[in-house]
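Colleague: Quick one: sequence and predicted model below, then my questions.
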Amino acid sequence: MLRKKWNLQRKSNYIKLIHRRLQDEKEKETQKLREKQEKAKDQQSVMDAIRAKRAFEESDRNAREKEKQEILLRVITIDKLIYNLLK
């Protein structure tokens, strides 16, 4: 009888040990997934920042080009007016 109790206790401890190991493995896997997710989120943030910077630079280039065209148009208009006045 004592031997059966001892065997049952031994099996119970073994089951607890296996359960604990499975929990630990599951927690490690969960942590790996969290780290992967965090890394992907960081990479996405970097890509978003790069896209925002490029969009700003393009907008700035377009604004400068537009301003340049407007100045050129004014110069041409003034040149035409002066040419017509001197005629």
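Modeller: Noted; the coordinates are in hand.

Colleague: Quick one: mean pLDDT for stretch 78-87?
Modeller: Mean pLDDT, computed over stretch 78-87, is 89.

Colleague: quick one: contacts of that stretch?
Modeller: Where contact means Cβ atoms under 8 Å, 6 or more residues apart in numbering, no residue beyond stretch 78-87 reaches it. From N, CA and C alone the C-beta is placed, and that goes for glycine too.

Colleague: Going by neighbour count, list what's buried in that stretch.
Modeller: For stretch 78-87, a neighbour-count test (16 or more other Cβ atoms under 10 Å) marks nothing as buried.

Colleague: chain center to that stretch: distance?
Modeller: In terms of Cα atoms, centre = their mean, to the nearest Å, the centre of stretch 78-87 is found 57 Å from the chain centre.

Colleague: And for stretch 55-62?
Modeller: How far stretch 55-62 lies from its chain's middle: 22 Å, per Cα atoms, centre = their mean.

Colleague: do stretch 63-75 as well
Modeller: Per Cα atoms, centre = their mean, the centroid offset for stretch 63-75 relative to its chain is 37 Å.

Colleague: Also stretch 7-25?
Modeller: Averaging C-alpha positions (Cα atoms, centre = their mean) puts stretch 7-25 42 Å from its chain's average.

Colleague: And the contacts of it?
Modeller: With Cβ under 8 Å, 6+ apart as the test, stretch 7-25 has no contacts from any other residue.

Colleague: Just the CA atoms of that stretch, as CSV, please.
Modeller: Output of stretch 7-25 as CSV, limited to C-alpha atoms (Å, rounded to 0.1, in the frame of the first residue of the first chain):
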residue,chain,number,x,y,z
ASN,A,7,4.3,5.6,-7.0
LEU,A,8,1.2,7.7,-7.2
GLN,A,9,3.1,10.6,-5.6
ARG,A,10,6.0,10.1,-7.9
LYS,A,11,3.7,10.1,-11.0
SER,A,12,1.9,13.2,-9.7
ASN,A,13,5.2,15.0,-9.3
TYR,A,14,6.3,13.9,-12.8
ILE,A,15,3.0,15.2,-14.3
LYS,A,16,3.5,18.5,-12.5
LEU,A,17,7.0,18.7,-13.8
ILE,A,18,5.9,18.0,-17.4
HIS,A,19,3.1,20.6,-17.0
ARG,A,20,5.5,23.2,-15.7
ARG,A,21,7.9,22.5,-18.6
LEU,A,22,5.1,22.9,-21.1
GLN,A,23,4.0,26.1,-19.5
ASP,A,24,7.6,27.4,-19.7
GLU,A,25,7.9,26.5,-23.3
